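Trainee: with the input below, show me the fold.
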Amino acid sequence: MEAGTVAPRTMLVALAEAARLDQPVSTVVMAEALATRKDVLQAQAQHYGAMALDRATSPPDPALAQLLPTDFCLRHGVLPWIKVGDTLLLATARPERYDELLPLLPPDIGPVVMALATEADIHDDIAQRHGEALATAAENWVRPEDSCRDLNTSSPATTALAILVSLVCLSMLATAPALLFAIGLVLALGSLMVSQGMKLAALIVVPRRLAPPRHALPADPPVVSILVPLFHEQEIAGTLVKRLSRLTYPKSLLDVVLVLEAEDTVTRATIERTALPPWIRTVVVPPGRIRTKPRALNYAFHFTRGAIVGIYDAEDAPAPDQIDHVVSAFETAAPEVGCLQGILDFYNPRANWLSRCFAVDYASWFRILLPGFARMGFAVPLGGTTVFFRREALEEVRGWDAHNVTEDADLGIRLARYGWRTEMIRSVTREEANNRFWPWIKQRSRWLKGYVITWWVHSRRPRRLWHDLGPKRFFGMQALFLGTILQFAFAPVLWSFWLILAGLPHPLDPWIGRGGILALTAVFLTAEGMTLLVGMAALARSPHRSLFPWVPTLFAYFPLGTVAIYKSLWETLRNPFFWDKTQHGHSSPDAPGADIPPDTKL
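Mentor: Residues are numbered from 1 along each chain as shown. Got it, this is the predicted structure:
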């Protein structure tokens with residue numbers, strides 16, 4: 001106010017907001033763009049009688065880089081800056097908590113005097129000096145026994161077993177093709193019946209109507225960090241700030257981090273041209289041996305400060321009150337609830353036939369199956385976005401597996417293995433449906449490849465998995481992951497029963513007779529009917545009731561998954577860690593068919 005930057009009336013409102021949220025007034029002033037970070041730093045220096053440091057004019061002494069552990073500096077927002085004689089100038093971005101920090105310092109650090117610096121300067125210096133080590137740690141944060149990073153290294157015994165199985169299959173194909181076909185039928189039919197049974201159970205336990213969400217914030221609402229990984233997002237980055245700005249959660253409690261790759265000059269240039277509000281910042285991930293979304297999330301996580309950490313994708317349009325709902329849900333949830341998964345929906349559900357079927361598919365998954373699995377007490381494979389965690393839960397399981405291409409599903413299983421529960425929340429995020437044939441195949445192939453890898457990494461030690469999950473969740477995990485893999489892989493065996501409807505002979509006629517073939521065909525048609533029933537029920541719980549006429553066309557949609565599974569199995573053998581990037585930005589919320597309001601309707 002003395003400098004004329006903030007009017008007294010405006011400062012009175014900021015003080016009231018700071019008291020309401022139990023936040024420093026400096027945080028409110030910056031978040032609401034009432035003053036710049038530089039203005040606030042100068043005012044803090046005058047208030048605390050401390051020196052204000054600037055990295056551009058007085059850079060930190062590199063000789064002090066190892067004086068405090070990197071994770072300590074990131075957690076507390078401090079940095080050993082420079083020594084004046086024997087006295088250390090310890091820069092902090094949180095002067096209001098400096099007295100609480102002093103007992104945590106090493107006893108041999110010597111005399112310490114508080115200085116002030118922006119959090120951006122502290123983070124930039126840490127990234128410059130320790131970025132490479134932090135990036136390497138991000139690749140290997142998950143414990144070795146929980147990670148798939150050794151997938152491309154096989155033991156002689158594993159190689160020999162794979163060769164033996166291949167030789168047996170080839171010999172059967174040459175000498176007993178009907179027997180091989182029969183084995184495939186058993187696997188296909190078994191996985192189909194298990195899958196449809198789980199769908200029916202989920203449909204039964206999910207209520208038709210849910211209570212409306214509560215938005216009452218706790219007396220001391222927490223800081224919520226949102227990680228938004230971006231890669232080659234030139235077309236969509238421009239609308240990102242607009243969508244996030246609609247969030248109604250207090251901006252002084254929002255810590256939105258745009259996660260950029262150092263080598264992605266396109267997205268970085270786009271973000272540099274975009275005016276970011278004070279509550280949105282960027283973290284640049286250094287290059288490494290791999291370049292994946294989970295690696296970037298692990299790296300950026302250590303630069304966040306929220307008690308709750310969430311994930312959005314670049315194309316997401318979350319419900320405006322979503323963060324309020326998340327905070328309220330965590331406040332009333334049991335302590336073992338470590339994760340909340342929101343509902344994903346599409347803003348272009350009527351762009352073409354593929355997007356219509358995709359919308360039905362997503363409605364079935366997020367409105368029937370996942371809520372049903374959670375209610376039945378199964379481990380829930382997470383979606384890659386609109387998912388929120390207690391910070392301590394992420395720290396215990398050590399974040400995301402940087403080598404897994406479906407890091408979300410894998411993380412859901414690991415959370416369950418470490419005793420954390422996942423619950424669904426009744427809040428919707430809209431995103432863009434991938435509605436082009438080959439990009440859809442590539443995206444679904446990556447998801448299925450991740451399912452194969454996730455099943456393998458958790459099932460390779462079945463006794464430990466049984467101990468961690470218990471019998472019910474163990475069988476639920478096997479039914480979901482292994483059942484999905486087998487169902488898509490052996491779907492062509494079931495397709496053969498369409499020959500009967502066409503009046504043609506079936507390969508198994510000599511084995512089980514015409515009556516048995518007709519019975520199996522009836523089972524197959526009943527399963528198709530279950531899929532249509534779940535699709536209809538899911539649409540009835542969504543704003544997409546106009547898509548009812550398109551549900552019967554799913555019989556032509558799901559075979560695309562079989563194409564994707566064969567692509568994924570080939571990639572699992574050749575290049576298991578390859579991340580097939582999904583390109584977005586071909587549809588927008590203003591395009592034809594983008595008529596779903598950003599509400600919280602289930």
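Trainee: bridging residues for residue 79?
Mentor: Note on residue 79: beta-bridge partners by DSSP bridges are residue 91.
Trainee: burial measure for it, as a count.
Mentor: By other C-beta atoms under 10 Å, the residues close to residue 79 number 28. C-beta: built from backbone N, CA, C; applies to glycine.
Trainee: and the helices in the stretch 451-600 of the chain?
Mentor: Secondary structure of the stretch 451-600 of the chain by DSSP state H, counting those that start in this stretch: the helices cover 462-489, 491-495, 498-501, 509-540, 554-557, 559-574.
Trainee: now mean pLDDT and distance to residue 353 too, for those, in TSV please.
Mentor: As requested, these are exported to TSV (pLDDT from 0 to 100; distance: least, C-beta to C-beta, whole Å):
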stretch	mean pLDDT	distance to residue 353
helix 462-489	94	20
helix 491-495	84	20
helix 498-501	67	21
helix 509-540	82	14
helix 554-557	91	8
helix 559-574	90	11
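Trainee: ok, which of these comes nearest residue 241?
Mentor: Taking C-beta to C-beta as the measure, the helices of the stretch 451-600 of the chain were each checked against residue 241, and helix 509-540 came out nearest at 32.1 Å.
Trainee: gap between the helix or strand containing residue 374 and the chain center?
Mentor: Remark: residue 374 resides in helix 370-375, with elements defined by DSSP states H and E. In this view, helix 370-375 has its centroid 18 Å away from the chain centroid, taken as C-alpha atoms, centre = their mean, to the nearest Å.
Trainee: for residue 430, find the nearest of the helices of the stretch 451-600 of the chain.
Mentor: helix 509-540 (15.9 Å).
Trainee: any idea how this structure splits into domains?
Mentor: Per automatic domain parsing, the structural domains of the chain span 36-139, 181-602.
Trainee: please identify the deepest-packed of those domains.
Mentor: Mean neighbour count, computed with mean count of other C-beta atoms under 10 Å, is highest for domain 181-602 among these, reaching a mean of 19.
Trainee: does the residue lying closest to residue 317 once chain neighbours are set aside lie in a helix or a strand, and which?
Mentor: Of all residues not flanking residue 317 in the chain, residue 430 sits nearest, at 4.4 Å (C-beta to C-beta, 6 or more residues apart in numbering). Assigned by DSSP H and E, residue 430 falls within strand 421-431.
Trainee: what packs against that strand?
Mentor: Based on contacts counted as 3 or more C-beta pairs under 8 Å, 6 or more residues apart in numbering; DSSP states H and E, the elements that strand 421-431 packs against are strand 317-318, helix 322-332, strand 337-346, helix 370-375, helix 407-417.
Trainee: pretty sure residue 206 is touching residue 371, no?
Mentor: Yes - under the criterion of C-beta atoms under 8 Å, residue 206 lies in contact with residue 371, with a separation of 4.9 Å.
Trainee: next, format the helices of the stretch 451-600 of the chain as a markdown table and append distance to residue 38.
Mentor: What follows is the helices of the stretch 451-600 of the chain, written out as a markdown table (distance: least, C-beta to C-beta, whole Å):
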| stretch | distance to residue 38 |
| --- | --- |
| helix 462-489 | 50 |
| helix 491-495 | 61 |
| helix 498-501 | 70 |
| helix 509-540 | 52 |
| helix 554-557 | 55 |
| helix 559-574 | 49 |
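Trainee: any regions of the stretch 151-300 of the chain where pLDDT drops low?
Mentor: Within the stretch 151-300 of the chain, the ranges that satisfy pLDDT under 70 run 152-178, 209-215, 235, 237-238.
Trainee: against residue 126, how distant is residue 108?
Mentor: Using C-beta to C-beta, to the nearest Å, one gets 22 Å for the distance from residue 108 to residue 126.
Trainee: with residue 234 instead?
Mentor: In this structure, residue 234 lies at 28 Å from residue 126, with C-beta to C-beta as the measure.
Trainee: how about residue 139?
Mentor: Applying C-beta to C-beta, one obtains 18 Å for the distance of residue 139 from residue 126.
Trainee: now swap in residue 284 and tell me
Mentor: Using C-beta to C-beta, one gets 12 Å for the distance from residue 284 to residue 126.
Trainee: cool, and residue 329?
Mentor: When residue 329 is compared with residue 126 (using C-beta to C-beta), they lie 33 Å apart.
Trainee: can I get the domains of the chain in CSV including distance to residue 15?
Mentor: CSV is the format used below for the domains of the chain (distance: least, C-beta to C-beta, whole Å):
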stretch, distance to residue 15
domain 36-139, 14
domain 181-602, 12
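Trainee: which one of those domains lies closest to residue 150?
Mentor: The minimum distance between residue 150 and the domains of the chain falls on domain 181-602, with 9.0 Å, by C-beta to C-beta.
Trainee: any idea how far that closest one is from the middle of the chain?
Mentor: In terms of C-alpha atoms, centre = their mean, the centre of domain 181-602 is found 9 Å from the chain centre.
Trainee: residue 90 contacts residue 116, doesn't it?
Mentor: No - the pair residue 90 and residue 116 fails to qualify as a contact (C-beta under 8 Å) at a distance of 10.2 Å.
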